[in-house]
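>>> all I have is the shape, not the residue letters:
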DNA sequence: CGACGATCTGACCAAATGGTCAAGTTCTGT
DNA sequence: ACAGAACTTGACCATTTGGTCAGATCGTCG
């Protein structure tokens, strides 16, 4: 296990020829109303992979387990995704698509109170609906982002840079306390991902077999309240 | 680093016969002024293991790499720790000793503002000094705490239960806003561990090769300010 | 219907890895 | 100095695992 040693910089989708695979062949929309066999199998593999990678990490996951979960023979998995790393990259790319995102609610025209509350709610909703996506992402970063480094220091960095500007604007307008915008973003990330990534701990402390809707509602409210009280000025709260 | 020899509460150390190891033998304080060979080798292995487990996770870590990092032959590693799992448990026990802890600053008599600020500072200090400890812990929980489940739902749960009581007391005294104590603790954990666990991401966004003292100082200040403004009432802030 | 590419899959294989062992070497107490 | 325990280590080994392959089978289109 634990290959990957070789430096990996490519921004994840070093996925050449996503349409044409193994023995080469073109994507056909074909008869079947809802996509090709390839499509459906790839989706099944990606879903299975997301779960297994979330549970076991990259090295701990075995292609055999992923294949089993997708109910396909292992050789078939390798037909669609040449290597475990390629499959992992595909999962990661999917996950990013989800994550990129919600921060876009931060625009200068909006009220910070509103934008932030929405962001927290949206992130927690994802944490509830796609906890595995969150875990795969967390695991990747936790181990030094061997597959994602370049994404972090390009895409993500720029995006945060942008949003920091918006936050500075809000501060200048007297709507937010004079905090460091980037650190503020880190804090938003931290609290919103905690419930997905460390759910075992949360559940243990709360004494729940699984987190309920009420738990997530409570989490959302508590986080929103804490963060909003923490970062808004009196004039910003309205 | 004390080993787990001395009674350790966390269940983790399912380590029977801690004094006598492999071929059996008693611990001797002996001539050597500063501990036995065993002690020093165990420490070296534990340190090496902490690093490797943090970087690669449990499955990704190899006993060969750990041994190499400790500059001992692999067979020697297995002389001191029969299995990789046993070594891992020992590392985890060490880490817990660090973590358990800082929450004890929360006592009814103290001012919440003070206790919380201290807690944040202390946690961030650990995040800076022992990032690997934090990562090993995070990784363990991220993957469902296979080695720690019982610790979470016993020791940890009780501890949080206690501290929640303290927080409720503070709230009743009108010093803190009426928030959910447990969720508040989660939020404290989340923001303080973020800088250790996701340092790659933080560094990428901040554009740093490594986090400096100033970065940690900024993080500490920002977190403290956010949390304190977020949870204290006017009278709590005095 | 026949051709041809896409898909499927059991059987394999080489490398990696956790763990063992037996034959030393070093310590320690007496 | 000596016995016996503690420690060291190169050589091994069984298993696991990512990945390959060649020979089916299936689907589609002219």
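Everything's here; your move. Note that the structure is predicted; figures quoted are calculated from it, not measured. Residues are numbered from 1 along each chain as shown, chains lettered A, B, ... in the order given.
>>> which residues of chain A score low on pLDDT?
For chain A, applying pLDDT under 70 flags the ranges A:1-35, A:237-238.
>>> which helix is the longest one in it?
If you go by DSSP state H, chain A has its longest helix at helix A:37-60.
>>> the one helix or strand residue A:98 maps to: what's the following helix or strand?
Per DSSP states H and E: residue A:98 is located in helix A:84-99. Sequence order places helix A:112-129 as the next helix or strand after helix A:84-99, per DSSP H and E.
>>> any bit of that following helix sitting next to chain B?
No - using Cβ under 8 Å from any Cβ of the partner chain, helix A:112-129 stays clear of chain B, with a minimum separation of 11.2 Å. The C-beta positions use only the backbone N, C-alpha and C, and glycine is treated the same way.
>>> other SSEs contacting that helix?
Here helix A:112-129 touches helix A:131-142, helix A:181-197, helix A:213-231, going by 3 or more Cβ pairs under 8 Å, 6 or more residues apart in numbering or on different chains; DSSP states H and E.
>>> how about a cut-off of 10 Å?
Packing partners of helix A:112-129 (3 or more Cβ pairs under 10 Å, 6 or more residues apart in numbering or on different chains; DSSP states H and E): helix A:84-99, helix A:131-142, helix A:157-172, helix A:181-197, helix A:213-231.
>>> mind putting these in JSON lines, mean neighbour count included?
What follows is these, written out as JSON lines (neighbours: other Cβ atoms under 10 Å in any protein chain shown):
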{"stretch": "helix A:84-99", "mean neighbour count": "20"}
{"stretch": "helix A:131-142", "mean neighbour count": "24"}
{"stretch": "helix A:157-172", "mean neighbour count": "17"}
{"stretch": "helix A:181-197", "mean neighbour count": "24"}
{"stretch": "helix A:213-231", "mean neighbour count": "20"}
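>>> turn those into CSV, including distance to residue B:143.
Shown next, in CSV, are those (distance: least, Cβ to Cβ, whole Å):
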stretch, distance to residue B:143
helix A:84-99, 16
helix A:131-142, 8
helix A:157-172, 28
helix A:181-197, 10
helix A:213-231, 21
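>>> any idea how chain A splits into domains?
A:37-94, A:100-237 (automatic domain parsing).
>>> burial check on residue A:107, number of neighbours?
Other residues near residue A:107 come to 11 when the count uses other Cβ atoms under 10 Å in any protein chain shown.
>>> what about the residue lying closest to residue A:152 once chain neighbours are set aside, how many residues nearby?
Spatial nearest neighbour of residue A:152, excluding adjacent residues (Cβ to Cβ, 6 or more residues apart in numbering or on different chains): residue B:204 at 3.6 Å. Number of residues near residue B:204 (other Cβ under 10 Å) recorded here: 23.
>>> host element of residue B:204?
Per DSSP H and E: helix B:199-206 holds residue B:204.
>>> ok, back up a step: for the longest helix of chain A, packing partners?
helix A:63-70, helix A:74-80, helix A:84-99, helix A:131-142, helix B:37-60, helix B:131-142.
>>> is it possible to get JSON lines of those helices that adds distance to residue B:88?
Below are the helices and strands packed on helix A:37-60 laid out as JSON lines (distance: least, Cβ to Cβ, whole Å):
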{"stretch": "helix A:63-70", "distance to residue B:88": "21"}
{"stretch": "helix A:74-80", "distance to residue B:88": "28"}
{"stretch": "helix A:84-99", "distance to residue B:88": "23"}
{"stretch": "helix A:131-142", "distance to residue B:88": "16"}
{"stretch": "helix B:37-60", "distance to residue B:88": "6"}
{"stretch": "helix B:131-142", "distance to residue B:88": "8"}
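>>> can I get the ones you listed in TSV including distance to DNA strand C?
TSV is the format used below for the helices and strands packed on helix A:37-60 (distance: least, Cβ to the nearest atom of the strand, whole Å):
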stretch	distance to DNA strand C
helix A:63-70	9
helix A:74-80	3
helix A:84-99	13
helix A:131-142	18
helix B:37-60	7
helix B:131-142	15
